[in-house]
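Enquirer: Sequence first, then the predicted structure:
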Amino acid sequence: MTQSRLVALIDPLKSYKNGIGGQERFAIRLAENLAGDFRVTFYTNNIEPLAARHKGNKLNRICLKRIRLINLFSPRFELSADILIANGERALLYAVLARLLKQTSARIIYIAHIFIPDAISRKSLPLRSIYIAAYRILLAKIDRNVCVSESLRKQLASRNLNGKQEWEVVVNGVKSRDVSGRNDRLPENREKLKLLFAGRLCKQKGIVPFIETFYRSGAPEVANLAIAGTGPEERAIRESVDQFKLRNQVTLLGYCHDLPEKMLECDIVVLPSLYEGLPLVLLEAMSLGKVVLASNIEPHKEVLQSRFSNLLLTNGDASELMKALRDLSNAPKRKGIGRALQRHQQQYFDESTMWGKYKQIIRSLEG
């Protein structure tokens, strides 16, 4: 089989303390799964942590190269590729600049993971208008544009952000797992439920307002909360914990390399995000048979659908949160819901389907 060279660009302007972000994790998994069918070059500015983290596995089949914005203006720099994948908005800018500066002649696939809702950015309308105009210009240079959820496609289309063609939806997926034995062995008579939040600690994830809701609901009487992750909101989170005197009920774990293990140890995974594309953490929790309590936003609705609508909560509603925790305090009921969520993930959000669709898109641009 003749292999194409594939260049994957991952959020090249981001650098995460003690780890990597969800979008970078997606790019790593994408590169690993494409490496068997294509020759893959992975451009990033996070070479060292990626190389150390993935030493000895499939990432060794991938050529890792460093890229910074200044590289694109160097006459000695070239993105040699047949297909170029721009993973996220920053990578989109890099890919289009590379084409305009004649650093590459590759066909470009853009993968959109998120688009900040208008309601979140009302305070900066002039900048918002400039951002949308620039986004349209960049999309016009792309050969195929892909987004990770139907709700994101609708949001982009509503702003007439289609580029050369309509958005193609390839919903996120994760590896299905068999961990039923682990969940069955969890104690059924815990004094308190163990809640877990996992993700980048930024405003988008809504963790600071969630801590206030957690306090106002009276939830500390029936549950403890662990927070896994790092990010710019870490200080604000600590201040919120201190403000509500929750040091004994809320624990900051920092960046967790063993996140699946942390999920397996908890009873409920919480996702109070203000906006999302289609969060991998939600799917990963479901793949482990974990009950999730998620904010009532469109991407979460898309995943949980009407069957699990009782797991969707209004952000800031303390009574809803407390009612949900009391309903889920029954261990057999909780485990039954977790098994149903796991089957739902396996049926609709399995990663093998997702990787197959990306390979089809790449092959459609070959030649």
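Expert: Nice, thanks for sending it over.

Enquirer: Can you check what pLDDT the model gives residue 120?
Expert: On pLDDT, residue 120 comes in at 61.

Enquirer: before we move on, what about residue 1?
Expert: Per-residue pLDDT puts residue 1 at 42.

Enquirer: What mean pLDDT does stretch 79-93 get?
Expert: The predicted model assigns stretch 79-93 a mean pLDDT of 87.

Enquirer: got the end-to-end distance for it?
Expert: Start-to-end span of stretch 79-93 (C-alpha to C-alpha, to the nearest Å) is 14 Å.

Enquirer: Could you measure from residue 65 over to residue 201?
Expert: Residue 65 is 29 Å from residue 201, where distance means C-beta to C-beta, to the nearest Å. (Glycine included, C-beta is placed from N, CA and C.)

Enquirer: now residue 142
Expert: To residue 201, residue 142 is 31 Å away according to C-beta to C-beta.

Enquirer: coming back round to it: when residue 65 and residue 201 are compared, which one has more neighbours?
Expert: Ranked by neighbour count (other C-beta atoms under 10 Å), residue 65 and residue 201 place residue 201 first, with 23 against 13.

Enquirer: burial count for the closest residue to the more buried one other than its chain neighbours?
Expert: In this structure, residue 201 finds its nearest non-sequential neighbour in residue 231, 3.3 Å apart by C-beta to C-beta, 6 or more residues apart in numbering. For residue 231, the count of nearby residues is 18 (other C-beta under 10 Å).

Enquirer: what's the burial count for the residue lying closest to residue 236 once chain neighbours are set aside?
Expert: Among residues not flanking residue 236 along the chain, residue 208 sits closest, at 5.2 Å (C-beta to C-beta, 6+ apart). When neighbours are defined as other C-beta under 10 Å, residue 208 has 16 of them.

Enquirer: residues near residue 103, how many?
Expert: 20.

Enquirer: need the contact list for it.
Expert: 72, 77, 78, 79, 97 (C-beta atoms under 8 Å, 6 or more residues apart in numbering).

Enquirer: Out of those, which comes closest to residue 85?
Expert: Distances from residue 85 to the contacts of residue 103, taken as C-beta to C-beta, are shortest for residue 79 (11.3 Å).

Enquirer: That closest one contacts residue 107, correct?
Expert: No. Counting by C-beta atoms under 8 Å, residue 79 stays clear of residue 107, with 12.0 Å between them.

Enquirer: what's the least confident helix or strand in this structure, going by average pLDDT?
Expert: Least confident element among the helices and strands of the chain, by mean pLDDT, DSSP states H and E: helix 47-53 (a mean of 61).

Enquirer: what's the closest non-adjacent residue to residue 175?
Expert: residue 351 (5.3 Å).

Enquirer: now swap in residue 151 and tell me
Expert: residue 298 is the one closest to residue 151 (C-beta to C-beta, 6+ apart), at 3.8 Å.

Enquirer: Report how many residues lie close to that neighbour.
Expert: Residue 298: 17 neighbours (other C-beta under 10 Å).

Enquirer: Quick one: the strands in the chain, in order.
Expert: Using DSSP state E, the strands of the chain run over 5-10, 39-44, 63-66, 83-87, 107-112, 144-147, 168-169, 193-198, 223-228, 250-254, 268-271, 291-295, 312-313.

Enquirer: Fine, thanks again, bye for now.
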